[in-house]
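Student: Below is the sequence, then the predicted model.
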Amino acid sequence: MSFLHPSGPVIDLGVNIDHVATLRNARGTTYPDPLRAALIAEQAGADVITLHLREDRRHIKDADVVNLRPQLMTRMNLEAAVTQEMIDFACKIGPQDVCLVPERREEVTTEGGLDVVRYYKQVEAAIRQLQGEGIRVSLFIDADEQQIAAAAELGAPVIELHTGRYAEAEGADLAHELERIRAGARFGVSRGLKVNAGHGLHYTNVQAIAALEDIGELNIGHAIVAHAVFAGFENAVREMKAIMVAARLGVTLGRRA
Ligand SMILES: CC(=O)[C@@H](O)[C@H](O)COP(=O)(O)O
Ligand SMILES: NCC(=O)COP(=O)(O)O
């Protein structure tokens, strides 16, 4: 247990506990318990606990969401597809935040942002239902001006920019994808949105994203759970938060990319 808990207006860390459930489900045991991971993460500096209830329940189960909601001291950010089943479930649970994400059964992991232009009416109805229950809605979208403008028009107060292409990019593409996210975040803020980011971030590539002053929160899961295998969950969360805060303050704590 440490007293180091960097917080404040610098940058928030949402710890995604999906892959604690992946490990649990590998053998159908009750351990490792995602709830225990969430509580440790909160003690270690997480500002938000994020979990993705996928339609195929490949990791997080409905019971995980039900059990977690009353136990969290920070905020629950429930990621869900734009389906009536998921929206109804989210309204029953009442998390502080719901992040609407795209899903394809065959995908290994989330492959891109939600196309809020193409699915405008469905997203609009979901936002209306969720906001009617006092839930803050975030839209998980690509760093594309048309998508960001549509998100603002839809009345979602928050967007989360998909950083998957940045995470997979190399060389000149990496600089291009970082610029896309920087410009997208700046544009989102100019449209009155709270701008978050996430997907595929790890202890090295997170620094350039955390340094972007228009981004208020990063949601990170896979890399933290992977590091926790060797360093322990508390240390994995604490190190990520420290690297993010340092990057925002212009200090490189992590390995250089
Ligand atoms: C929306 C998002 O980026 C995360 O929830 C990600 O989907 C992690 O879960 P998977 O690894 O199952 O895609
Ligand atoms: N929305 C991104 C998220 O919750 C975590 O994604 P990842 O770090 O597991 O790729």
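Tutor: Yep, it's here. Please read all numbers here as calculations on a predicted model, not as lab measurements. Ligands and ions are numbered 1, 2, ... in the order given.

Student: what's in contact with stretch 124-131?
Tutor: For stretch 124-131, contacts defined as C-beta atoms under 8 Å, 6 or more residues apart in numbering pick out Val82, Ile87, Ala90, Cys91, Val98, Leu100, Val137, Leu154, Gly155, Ala156. Every C-beta, even on glycine, is put in place using the N, C-alpha and C of the backbone.

Student: Let's see which of these end up in strands.
Tutor: Taking DSSP state E as the definition of strands, the contacts of stretch 124-131 contribute Val98, Leu100, Val137.

Student: shouldn't the first one be in contact with Ala80?
Tutor: Pointing back at Val98 there. Yes - with contact defined as C-beta atoms under 8 Å, Val98 counts as touching Ala80 (6.0 Å).

Student: quick one, which of the two is more surrounded?
Tutor: Val98 (29 against 26; other C-beta atoms under 10 Å).

Student: what sits opposite that one in the beta ladder?
Tutor: Judged by DSSP bridges, the bridge partners of Val98 are Leu78, Val137.

Student: what's the helix or strand for the residue nearest the centre of the chain?
Tutor: The centroid of the chain falls nearest to Asn219 when counting by C-alpha atoms, centre = their mean (3.0 Å). Applying DSSP states H and E as the criterion places Asn219 in strand 217-220.

Student: helices and strands around the next helix or strand after that strand, which ones?
Tutor: Using DSSP H and E, the helix or strand that follows strand 217-220 in sequence is helix 222-231. For helix 222-231, the packing partners by 3 or more C-beta pairs under 8 Å, 6 or more residues apart in numbering; DSSP states H and E come out as strand 12-16, helix 18-25, helix 233-248.

Student: Ligand 2 is nearest to which of these?
Tutor: strand 12-16 (3.6 Å; C-beta to the nearest ligand atom).

Student: Give me the contacts around that closest one.
Tutor: Contact with strand 12-16 is made by 37-38, 41, 45-52, 77, 79, 196, 198, 216-222, 224, 237, 240-241, 244, as judged by C-beta under 8 Å, 6+ apart.

Student: correct me, but Asp249 touches Val10?
Tutor: For residue 249 the amino acid is Leu, not Asp. Yes - the pair Leu249 / Val10 is scored as a contact, 7.1 Å apart, by C-beta under 8 Å.

Student: And the two? Which one has more around it.
Tutor: Counted by other C-beta under 10 Å, Leu249 and Val10 do not tie: Val10 has more neighbours, with 16 against 13.

Student: Checking the more buried one next. Helix, strand or coil?
Tutor: Under DSSP: H, G, I helix; E, B strand; the rest coil, Val10 falls in the coil class.

Student: quick one: it and ligand 2, what's the gap?
Tutor: According to C-beta to the nearest ligand atom, to the nearest Å, Val10 and ligand 2 sit 19 Å apart.

Student: same deal with Glu217?
Tutor: As judged by C-beta to the nearest ligand atom, Glu217 and ligand 2 stand 10 Å apart.

Student: Please look at that residue and Thr74 and confirm they touch.
Tutor: No - taking C-beta under 8 Å as the definition, Glu217 is not a contact partner of Thr74, at 11.4 Å.

Student: correct me, but the residue nearest to the centre of the chain touches Val206?
Tutor: No - using C-beta under 8 Å, Asn219 makes no contact with Val206, being 11.1 Å away.

Student: contact partners of the strand holding Asn219?
Tutor: Outside strand 217-220, the residues that reach it (C-beta under 8 Å, 6+ apart) are 11-16, 47-48, 50, 77, 99, 160, 194, 196-199, 201-202, 206, 209-210, 240, 244.

Student: Just the C-alpha atoms of stretch 157-165, please, in PDB.
Tutor: Extracted C-alpha coordinates of stretch 157-165, given in PDB (Å, rounded to 0.1, in the frame of the first residue of the first chain):
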ATOM      1  CA  PRO A 157     -20.700  15.300 -23.800                       C
ATOM      2  CA  VAL A 158     -17.700  13.000 -24.100                       C
ATOM      3  CA  ILE A 159     -15.800  11.300 -26.900                       C
ATOM      4  CA  GLU A 160     -13.100   8.700 -26.600                       C
ATOM      5  CA  LEU A 161     -10.600   8.800 -29.600                       C
ATOM      6  CA  HIS A 162      -9.700   5.300 -30.800                       C
ATOM      7  CA  THR A 163      -5.900   5.100 -30.500                       C
ATOM      8  CA  GLY A 164      -5.600   1.600 -32.100                       C
ATOM      9  CA  ARG A 165      -4.100   2.800 -35.400                       C
END
